[in-house]
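**Student:** the following comprises the amino acid sequence and a computationally predicted model.
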Amino acid sequence: MLLNKRQKDILQILENAKNFVTVESIALSCGLSRRTIYTELNVIADYLQSLGNSLEKKRGVGVQLVKSGQNTFGRTKKDLDLDRNVVLERRLKIMSYLLFEEKALTYQSLSDQFLVSKTSIAKDFEFITSVLTEDREINLVGERYGTRLAGSEVGFQKAMLRFNRFIMDHVEIYSKEMMPHHLDILSRYYGDEIVKTCQNIFYTYIRENISVITDHYVQNLLSSLIVLVYRCAKGYHHKQRPKSSEKFFEESSIKILEKVNLRLGILFSTADNLYFSRQLVLNRFEKGENQASFDDFTKKLLVGMSQSLKVSFLQDSKLKQQLAEHIPAMLYRLQANVIVENPFTDQIKREFALIFNLLSLLIVEIEKNYQVIFNENEIAFLTIYFQSAIERAKINKRILVVCQMGVATSELLVNRIKQALPSLDTLELSSVAELEYMDIDKFDFIISTVHLNIPNKDIVLVSPFLTEKDMENIKIAGYKPSIISNTKTATKCHHLYNFLTEEEMILNAAFPDKKSFFKEFGRELVERGIVKPAFIDDLFHRENLGATDLPVGVAIPHGNPQNSLKSKIFLIKNSKKIKWGDYFVDLIFVICISTEDRLRSKGLLSDIYNIIDCPQYLQLIRKEKSASNVLNKLYGGNANG
C-alpha cells in the first residue's frame, strides 16, 4: 500500500505529535474537512498496520500513532520501504505499457518479466484500476490476447493526467542523488521535445495572463497540454465537441496550439481546441473575498519594491488588484503548509533574477509578522506580477529571439543572452514560422540565428551558440540593457564600493560544505558585530526557500535585514568547489544589508549580477590571490587587464 501526498502530510503530523491529536486540529493544519480527515485516517491505519504499527483512537480525545519496536516478521522499516519501491516501480512500468505503448498484457508474460507470482500481478492490476479508472470513460478490459485499456479519447487523456499526478506524488522511488525535477519525470514518458516546447509556450501565456489561471492549477494545466500534444502527435484526436467555452479562452487555446503546431508540426482538430479551452475555463481564476486584513501585507510589498526599484508600483491599479486577489489565497496556503508546485520557478529565477532576489530579501523581513514561511514557488508567482507591471510601464525592453534549431539549442541561446546581458528586459523565443502570426512592433530588438527580412526592423544575426563576437555585434547594434534608476554609473560596480573592501574578501577559504560555511562564517560575523546570532538561522532558512546557487559556480546567500547590524558584502573564494544546492560552487557572495540600507539592495544586487555575468571577472577572482588587485579591476579597471 502507498500513501498519497495528503495522507503523508497527515502522517507527518501524527509522527511529530507527542500525544493525542484531535481531528479538528489536523483538519485546520491541512485545510481539509473533518469528514475527509476521518476517511484518510482509515487508509493511514491500514498502512501503519502493514508496518507493524497502529493508530490508537479515543473518543473525545483524538488519535495517536503507536509504534512497535520491530516491524512485522522481524523486518525493518527500511526493508519494507525497499520492497514497496520495487512494487511501485513494477506498477509504473505496467501503467506505461498500457498508456504509452498501448500493449495488451498477459498475467503470464508480466509474471515472467518481473519474476513474481500471477497473484501479485492480479493485485497490481487492481491497484492500477484504482489509479487510472476513476470514471467509466476508460477501463481495463480482458481479451483473448491480454488485458488492455479501452475507452474514449477523453478517458485516455484523463487517465494520463492521473498517471502524471501519481508519479509526481511518488518521486521518493528515486535516490536523492538521482531526484529529477517534476518536468524531467514527465519527459521520460512524453519525450523531452514535447515537454519543453509545451513548457516554454505555456510559460509565455501565463506570464502575459498571470491573473487568468489560478496559481495552484498551473501545474495541472501544463500537464493537460503535454498530454493533449502527445496524443495528437500519435494521431489521436477528440471526436465529441464539448460545449462552447468563453471567447477569451477559445482564442487562448487556439494561440497556444497554433504555436505548438508551428514548432512541432502537430495538427489539432477543432474538437481538440475546444477541449483545451474547456480546461482553461475549468482552471481559471475565481475571485475570492478581498479581506482588509491582507491589505497591510500588500502595501508593504508595494512600498518595499517601489523603494528598491525606484518605480511607483503604488500607482499601478492593475498590480494592486492582482495582488489583492492573489495574496489572501497565498497566505492561507502558507499558513496551512500547502505547497503549490510552480513548474516555471527555475525559469523565472533565471530570467528575472533581480526581481526574484529583491522579493526574497523583502519577504524575509515581513513574513514573520504573518507567522508563515515562504517558499521559492510562491516568490516566483509574485515575481511574474511585478515583472508584468514593469513591462506595462514600458520601462524595460522586449527582445525577440528567433531560432530555427531544436528546443535544447533554443533554450541554450536564450540563457546565454540573458547571462551576457543582465537586466530587467524580457526575452521571448520564436521560430521563423511563428513570425507571421506575431505583432513584431511590440518588440524593441530582434536577435536571430537565421537571415530575416522584416521592414523597418534592425535584426542582429548571431550563431546558435552566441560567441563573444556575437555579443559585440549586439552591443554595436545599439542594444543597451534597461536599468531602472536615474543614477548615472560613474565607475564599474560603484554601488559595491563602500560595502565590499579588502576586509570583506577571503580568497583562500577551505570550508568542507555549505553547512559548515554557514555555521563557521556566521559565527565570525557575529563575533565581529556585523550581524545578530539569528542571522545564521536566516541563512539556513533562505536556502530552504530555494538554493541560492547558480550554474556558473557562484552562490549568493543572504539573511533578514533586521538581523544585520552593519551593511557589508563579503566575497569568499573556497579552495575547492562544494555542493550547494543544484550546483557545485567555489565563489560565495554573502549579503548583509541592514534595515537602514535596504533601499540600496537593488543597486548592490545589480553590481553582484554584473560580476557574475562576466566570465572575465569570475576568471579574475578565481586566479587572483590579491584582494586589492581584484577590487581595482571591479571598481574601474578592465577584467582583461
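**Tutor:** Thanks, I have the structure now.
**Student:** skipping adjacent residues, who's closest to F127 in space?
**Tutor:** Among residues not flanking F127 along the chain, R91 sits closest, at 5.9 Å (CB to CB, 6 or more residues apart in numbering). To be clear about C-beta, it is placed using only N, CA and C from the backbone, and glycine gets the same treatment.
**Student:** please pull out the lowest mean pLDDT helix or strand from the protein.
**Tutor:** None of the helices or strands of the chain scores lower by mean pLDDT, DSSP states H and E than helix 407-420, at a mean of 64.
**Student:** show me where the stretch 401-550 of the chain has its helices.
**Tutor:** Secondary structure of the stretch 401-550 of the chain (DSSP state H, counting those that start in this stretch): helices located at 407-420, 468-476, 514-527, 534-545.
**Student:** output the ones you listed as JSON lines; include the columns mean neighbour count and distance to A353.
**Tutor:** Formatted as JSON lines, those follow (neighbours: other CB atoms under 10 Å; distance: least, CB to CB, whole Å):
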{"stretch": "helix 407-420", "mean neighbour count": "18", "distance to A353": "9"}
{"stretch": "helix 468-476", "mean neighbour count": "14", "distance to A353": "19"}
{"stretch": "helix 514-527", "mean neighbour count": "17", "distance to A353": "20"}
{"stretch": "helix 534-545", "mean neighbour count": "18", "distance to A353": "14"}
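**Student:** state the next helix or strand along the chain beyond the longest strand belonging to the chain.
**Tutor:** Using DSSP state E to define each element, the chain has its longest strand at strand 568-579. On the C-terminal side of strand 568-579, the closest following helix or strand by DSSP states H and E is strand 584-592.
**Student:** contacting residues around the helix or strand following that next one?
**Tutor:** Remark: after strand 584-592, the chain's next helix or strand is helix 601-612, criterion DSSP H and E. For helix 601-612, contacts defined as CB atoms under 8 Å, 6 or more residues apart in numbering pick out 308-310, 353-354, 357-358, 361, 422, 483-485, 487, 492-496, 499, 550, 552, 554, 556, 569, 589, 591, 593, 617-618, 621, 634.
**Student:** about what we covered before: isn't the residue nearest to F127 right up against E126?
**Tutor:** No. In this structure R91 lies outside contact range of E126 using CB atoms under 8 Å: 10.4 Å.
**Student:** settle it for me: which of the two has more neighbours?
**Tutor:** Between R91 and E126, counted using other CB atoms under 10 Å, R91 has the larger neighbour count: 20 against 10.
**Student:** check which helix or strand the more buried one maps to.
**Tutor:** Secondary structure (DSSP H and E) places R91 in helix 77-99.
**Student:** swap in I399?
**Tutor:** strand 398-402.
**Student:** also S25?
**Tutor:** Counting by DSSP H and E, S25 is part of helix 23-30.
**Student:** likewise L48?
**Tutor:** Assigned by DSSP H and E, L48 falls in helix 34-50.
**Student:** so how far is that helix off the chain centroid?
**Tutor:** How far helix 34-50 lies from its chain's middle: 31 Å, per CA atoms, centre = their mean, to the nearest Å.
**Student:** now the angle between helix 23-30 and that helix, please.
**Tutor:** Angle of helix 34-50 versus helix 23-30, following axes from the mean of the first three to the mean of the last three CA atoms, to 10 degrees, is 100 degrees.
**Student:** per the record, what domains does the chain have?
**Tutor:** 5-73, 77-178, 182-282, 292-389, 398-476, 502-634 (automatic domain parsing).
**Student:** what mean pLDDT would you report for the third one?
**Tutor:** Model confidence over domain 182-282, given as mean pLDDT, is 85.
**Student:** next up, phi/psi of the residue positioned nearest the centre of the chain, please.
**Tutor:** The structure's the chain has its C-alpha centroid closest to T345; by CA atoms, centre = their mean the separation is 2.6 Å. Phi and psi for T345, reported as degrees, to the nearest 10, are phi -60, psi -50.
**Student:** list the contacts of it.
**Tutor:** Applying CB under 8 Å, 6+ apart, the residues near T345 are E376, N377, A380, G546.
**Student:** and which of those is nearest to Y97?
**Tutor:** N377 (33.1 Å; CB to CB).
**Student:** just give the nearest non-adjacent residue to that closest one, would you?
**Tutor:** N342 (3.9 Å).
**Student:** ok, that neighbour touching L382?
**Tutor:** No. Assessed by CB under 8 Å, N342 is found out of contact with L382, at 10.6 Å.
**Student:** per-residue pLDDT, L605?
**Tutor:** On the pLDDT scale, L605 gets 83.
**Student:** gap between it and Q157?
**Tutor:** Here L605 is placed at a distance of 44 Å from Q157 (CB to CB, to the nearest Å).
**Student:** can you check G553 too?
**Tutor:** From G553 over to Q157 (counting by CB to CB), the distance is 42 Å.
**Student:** who has more neighbours, those two?
**Tutor:** Using other CB under 10 Å as the criterion, G553 and Q157 rank with Q157 on top: 22 against 18.
**Student:** residues in contact with stretch 98-118?
**Tutor:** So stretch 98-118 is contacted by 90, 93-94, 97, 120-122, 124, 128, 132, 140, 143, 145-149, 156, 159-160, 163, 189 (CB under 8 Å, 6+ apart).
**Student:** could you rerun that using 7 Å?
**Tutor:** 90, 94, 97, 121-122, 143, 145-149, 159-160, 163, 189 (CB atoms under 7 Å, 6 or more residues apart in numbering).
**Student:** what is the nearest of the residues you listed to Q49?
**Tutor:** Closest to Q49, out of all of those and judged by CB to CB, is A122, at 21.6 Å.
**Student:** make sure that closest one is indeed in a helix.
**Tutor:** Yes. Using DSSP: H, G, I helix; E, B strand; the rest coil, the assignment for A122 is a helix.
**Student:** quick check: phi and psi on the nearest residue to it once chain neighbours are set aside?
**Tutor:** Excluding the flanking residues, the one nearest A122 by CB to CB, 6+ apart is Y107, at 6.8 Å. With angles defined as degrees, to the nearest 10, Y107 sits at phi -60, psi -40.
**Student:** again, but for the one 3 residues further on
**Tutor:** Dihedral pair for L110: phi -70, psi -40, per degrees, to the nearest 10.
**Student:** number of residues surrounding it?
**Tutor:** Neighbour count of L110, defined by other CB under 10 Å: 22.
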